[in-house]
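Trainee: Have a look; sequence and predicted model below, questions after that.
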Amino acid sequence: MKSFALIAVILTGWLLLSAVSDFPDWGDTESPANDYRLSQHYITETFPESSVPNMVTAVLADYRGYDTMFETVVIFVAGIAIMSILRRKPLDHLKDKGKETRTYKKDPDLIIDTTCRLMIPIIQLFALYVVAHGHHSPGGGFQGGVIFGASFILLALSRDLQAAQRWVPEKRVLNLAGIGILIYSGFGFACMLLGSNFLDYEILHKIMPATPVEARSHSMLGVEIGVAFTCTAIMFSIYSNLASNGDMKETL
Amino acid sequence: MIDQSPALILLAPFLLAIVLALLGIKREWLCFPLVIAGLAISVAASVVTLMRVIDEGTIQYFFGGWEPPFGINLRVDGLNALVALAVSTVSLLTAIYSKRAVPAETSDKVSQFYTLYLLSVTGLLGIVLTGDAFNLYVLIEISALTSYALIGMGSRRATLAAYKYLIMGTIGASFYLLGVGYLYIKTGSLNMYDIQEQIVANNLHSSPTIFVAFVVIMVGVWIKMAFFPLHSWLPNSYTYGPSTTSALLGPLVTKVMIYVMIRMILTVFSPEFAFDQLDWSNIVVWMSVIAILAASISALSQTSLQKMLAFLIIAEVGYMVGGVWLTDEMGMVGSIYHIIADAFMTLCVFLFAGIIFTKTGRRDLSAMEGLFTKMPLTMVGFLVGAFSLIGIPPTAGFFSKWYLIQGGISSGHYEYVAALLISSLINAVIFFRIIEIAYFGTKPAEGHGHHHNEEHKDGPKEASFSMLFPLLITAALLLGIGLYNQEVVAIITNFVSQFNIGAIIL
C-alpha cells in the first residue's frame, strides 16, 4: 500500500513538473497573468473606481468580494465544525442566561503575568491598526482578526483557559463569529434592498455621506471589520476546543 | 426582484444560516421553521430562474456590479438552472424529513447542525450557479467542510469516516485548485467563459500546461464524486453519519460534482479538446464500465441497507461519467437527465433508510421484516424509488437509462450498454430481496434490540407525518419527472445541442 502511495506521489509530481517548461518566465511582464486585461484593469482602474490605494484590498473586498465573503464563511464553518465534533459536553449551558462563577486553578506566575499584561493591549491595538489600515498597507480583516484572536490565546496560555473565557465565553464567541458574517453579508443585502446587485457597494452612497466611489471604499472597511470579528472569534474557539480536548476546562 | 432570482437561490439559505447561528442556540424551536423558510425561498427562486432561462436564454448576474472577468458572476443556462432546482428541492424535502430525525440523533447540537446544513446547501447551490472557476473552489470548500462536520456528528464510527473523507476530499479539492492555478498561468483569467475564449484566442489547446490542468481537474473532481477506484471515502461516510446527513449528501454531493465535470468539459475546456484531441473517451468509458460492475457487485454483498445504497450511488456515478464520455449527444443528455433523476431516486431510498433507522435503530436488512403490513405507505414510497433505480417504467430511472443506452448504442460503446443492463439486473435482485424480506419476512419479536417506540401493538405503525410526507412527495416527483421527461429533456437538448458533440468524430 505504501509503495502504491509512493508511485502515486511520484506520478503526480512528474505530471505537474512536466508542464513547467511551458510556463512563462518568472517575473515575465509579458506573461498572460501580467499582461491580460484583467490585471491591467486592476492596476490602472482600482483607484478611480473605488478610491482605495491598495489594489489587493480592492480586488479582495470589492471586485472579488463575493469570494471573500465565502472565505469568511469557510473560517466560520471550520469553527462550528470543530466545536460540534470535539465538544463532548452537551452545549446546554449556552442556553442559560446565568453566569457561572469560576475560580483560578493556579496562581499566575509573576513574570509571565506581567509580560502578558503589557503585551496583550499592544497586540490588540496593533490588530485594530492592521484592520483599519488595510486600505493603504498590507493588512485587512483576516490578518487583523488573527492577531486579535492571538491576544486571547496568549491570555489563555499565560493564565488558564478559564481566565480567557471570562472575556470571551463560548456563547460570545459564537455570537461574534455570526455577527462578523452578518456585517459582511449585511452590506451585500443592503445593496440588494436599495435596488442594486448583491455587494454592489456603489448604491450605498444613498445612505452614506459619500460619493458613489467613496461608498465603495467605506464599505470595504465595513466588510473587513466583519471579517475581523469572525476571525477573532473562530481563532480563539478553535484554540480552546483543541487545547482543552473539547471540554473547555483545562488546557494542555 | 425578478432580476435577483439567481442570487436569491443561494443567498436565501445563506442569510437564514447566519440568522440561525445567532438566534438558534437559545431558541431551538426557531431552527426548523427558519431552515424551511430559507429553502422554500430557494426553491421558489430556482423555479423563477428556470422559467426565465427557458424564456430568455442564459442569465447573468454580476456580484458587486462588476462585469466578468473583473468580478464574479453567476451564469445560469439550461444545465445549471435544472440542477439548481433539483438541489434546492432535494434539500427542502430532506429538511422536512429532519424535523424529528435531527433532535433524535444530535439532540444537544440542533442549532449547529442546522447552521451547517443550510451552509452546505448554500455551497452546493453556489457550485452549481457560479461562472467563475476559482469561486467554484471556494464553494467546494464550504460544501466539503460542512459535510465533514455533518457526517462527523453521527456515531463514533462516523467521526472516523468523516476523517477519511476529510483527507480524500482535501486531496480532491487541492487537485482542482492546482488545475485552476495552471489555467490562470496560461490565460490570466478566472472566469470560465473567459478562460475558454483565451484558450481559443491564443491557440492553447496543444499547450502541455492546459493538458495538465485538465488531467488534474478531472482527477480532483473524480475523487470528489467517488468515481470507482477513488471511492473509498464514500460508503462509511454515508452509512454512519446522521440519517439526515446521508439523505442530504447522498443525493447531492456526487451529482453536483458530476455537474462540475460536465461544466469543465463543455464550458471551460471545450468538448473538442476533451473528447477529440485527448482521445481518452474509450479509456474513461471502460473505467466507468468497471466502476458500474464493481460497485454493483459490492452492493450485492452488503448486509447494511445504508451501505448498500452507498455502493449504488457509486454505480450511478459510473453511469453518468460513462454517459458524458460516450462523446455522443444522446449520452450527454442522458447523463444530465440522470443527474436530476438520480438525485431524487437516491433521496427516496435514503429517506426510506432513514425512516427504518429511526423506527428500529438498526441498519441491517432484516430490520425490514414485515414492513408491508406495518408501514404500507412508507413501502409504497420506497417501491417507487426502488423501481426507479432498477429502471422500470414510468419512473424517471427508466427514461434516464433509456437515453444512456441509446447514447451507448449510437456511439458504438456496447460494453457500456452491457454494463448498464447487468447493473439494472443486479439492482433488481437487490431490491426484490428487500421487498421479499419486507413482504414475507416474519414480524420482529417484541422488545428487539433498542426500539425507539412502543412496539407493543400490531397493525400499521407508519412513520410520523414529517418523515412520510417528503418520501411520498419524492416518489410522486420521480413519477412526474418520468412522465414529463420530454419537457425536461427538451431543455437539456437545447443546452447540449449548442456544443455540437455529435459532430466530433473519433
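Mentor: Cool, the structure landed.
Trainee: make it CA atoms for all contacts and neighbour counts henceforth
Mentor: Will do.
Trainee: Surely residue B:75 forms part of a strand?
Mentor: Yes - under the criterion used here (DSSP: H, G, I helix; E, B strand; the rest coil), residue B:75 sits inside a strand.
Trainee: so how far is chain A from it?
Mentor: Noted for residue B:75: a distance of 14 Å to chain A, by C-alpha to the nearest C-alpha, to the nearest Å.
Trainee: hey, what's that residue bridged with?
Mentor: Applying DSSP bridges to residue B:75 yields these beta-bridge partners: residue B:60.
Trainee: Report the contact partners of it.
Mentor: Residue B:75 is in contact with B:58, B:59, B:60, B:61, B:129, B:130, B:131, counting by C-alpha atoms under 8 Å, 6 or more residues apart in numbering or on different chains.
Trainee: Between the residues you listed, which sits nearest chain A?
Mentor: Of all those, the one with the least separation from chain A (C-alpha to the nearest C-alpha) is residue B:61, at 7.9 Å.
Trainee: List the residues that contact that closest one.
Mentor: Here residue B:61 is in contact with A:197, B:4, B:6, B:7, B:73, B:74, B:75 (C-alpha under 8 Å, 6+ apart).
Trainee: again, but for residue B:74
Mentor: Under the criterion of C-alpha under 8 Å, 6+ apart, the contact list for residue B:74 reads B:6, B:7, B:59, B:60, B:61, B:62, B:63, B:129, B:130, B:131, B:132.
Trainee: repeat that for 10 Å
Mentor: Applying C-alpha atoms under 10 Å, 6 or more residues apart in numbering or on different chains, we find residue B:74 in contact with B:6-7, B:59-63, B:68, B:126-132, B:135.
Trainee: With respect to residue B:374, which of those is nearest?
Mentor: Nearest to residue B:374 among the contacts of residue B:74, counting by C-alpha to C-alpha, is residue B:128 at 40.2 Å.
Trainee: burial measure for the closest one, as a count.
Mentor: By the measure other C-alpha atoms under 10 Å in any protein chain shown, the count of residues near residue B:128 is 27.
Trainee: Could you look up the SS state of it?
Mentor: Each residue gets one of three states, and residue B:128 gets helix by three-state DSSP.
Trainee: Touching, it and residue B:78? I think so.
Mentor: No - no contact is recorded between residue B:128 and residue B:78 when judged using C-alpha atoms under 10 Å, the distance being 11.7 Å.
Trainee: mind checking the end-to-end distance for stretch B:290-308?
Mentor: Between the opening and closing residues of stretch B:290-308 lies a distance of 18 Å (C-alpha to C-alpha, to the nearest Å).
Trainee: Which residue, other than its chain neighbours, is closest to the residue of the stretch 101-250 of chain B found nearest chain A?
Mentor: Taking C-alpha to the nearest C-alpha as the measure, the point where the stretch 101-250 of chain B comes nearest chain A is residue B:188, at 3.8 Å. In space, not counting the residues next to it along the chain, residue B:188 is nearest to residue A:33; the distance is 3.8 Å by C-alpha to C-alpha, 6 or more residues apart in numbering or on different chains.
Trainee: for that neighbour, what are its contacts?
Mentor: A:24, A:39, A:40, B:183, B:184, B:185, B:186, B:187, B:188, B:189.
Trainee: Show the model's pLDDT score for the closest residue to chain B within the stretch 51-200 of chain A.
Mentor: The stretch 51-200 of chain A approaches chain B most closely through residue A:200 (3.6 Å), counting by C-alpha to the nearest C-alpha. The confidence metric pLDDT takes the value 86 at residue A:200.
Trainee: tell me, how many neighbours does it end up with?
Mentor: Residue A:200: 26 surrounding residues under other C-alpha under 10 Å.
Trainee: So which residues on the stretch 151-300 of chain B come close to chain A?
Mentor: Contacts of the stretch 151-300 of chain B with chain A, taken as C-alpha under 10 Å from any C-alpha of the partner chain, map to B:151-154, B:159, B:175, B:178-179, B:182-190, B:198, B:207-213, B:215-216.
Trainee: rerun that using 6 Å as the cut-off
Mentor: When proximity is defined as C-alpha under 6 Å from any C-alpha of the partner chain, the stretch 151-300 of chain B approaches chain A at B:153, B:185, B:186, B:187, B:188, B:208, B:209.
Trainee: Was I right to think the fifth one contacts residue A:31?
Mentor: No - with the criterion set as C-alpha atoms under 6 Å, residue B:188 and residue A:31 do not qualify as a contacting pair; they are 8.2 Å apart.
Trainee: Looking at those two, which is more packed in?
Mentor: Using other C-alpha under 10 Å, the more surrounded residue of residue B:188 and residue A:31 is residue B:188, with 23 against 17.
Trainee: contacting residues for the more buried one?
Mentor: A:32, A:33, A:36 (C-alpha atoms under 6 Å, 6 or more residues apart in numbering or on different chains).
Trainee: doesn't the second one fall inside a helix?
Mentor: Yes - with the criterion set as three-state DSSP, the secondary structure at residue A:33 is a helix.
Trainee: How many residues are close by residue B:303?
Mentor: Neighbour count for residue B:303, taken as other C-alpha under 10 Å: 13.
Trainee: quick one, phi/psi of it?
Mentor: Note on residue B:303: backbone dihedrals following degrees, to the nearest 10 are phi -100, psi -10.
Trainee: Chain B contacts on the stretch 101-250 of chain A?
Mentor: Near chain B, the residues belonging to the stretch 101-250 of chain A are A:175, A:178, A:198, A:199, A:200 when assessed by C-alpha under 6 Å from any C-alpha.
Trainee: Farthest-apart pair in these, please.
Mentor: A:175 and A:200 (26.3 Å).
Trainee: quick one: which of the contacts of residue B:61 is nearest residue A:49?
Mentor: Minimum distance to residue A:49 across these is 16.8 Å, recorded for residue A:197 (C-alpha to C-alpha).
Trainee: neighbours of that closest one, just the number please.
Mentor: By the criterion of other C-alpha under 10 Å, residue A:197 has 24 neighbours.
Trainee: Identify the residue nearest residue B:298 in space, chain neighbours excluded?
Mentor: Sequence neighbours aside, residue B:311 is the residue nearest to residue B:298 in space, at 6.6 Å (criterion: C-alpha to C-alpha, 6+ apart).
Trainee: quick one: low-confidence ranges for the chain?
Mentor: Reading this off chain A. When the per-residue scores of chain A are filtered using pLDDT under 70, the ranges that remain are A:88-107, A:250-252.
Trainee: wait, I meant chain B there
Mentor: For chain B, applying pLDDT under 70 flags the ranges B:1, B:442-460, B:502-506.
Trainee: how close does residue B:229 get to residue A:209?
Mentor: In terms of C-alpha to C-alpha, residue B:229 sits 59 Å off from residue A:209.
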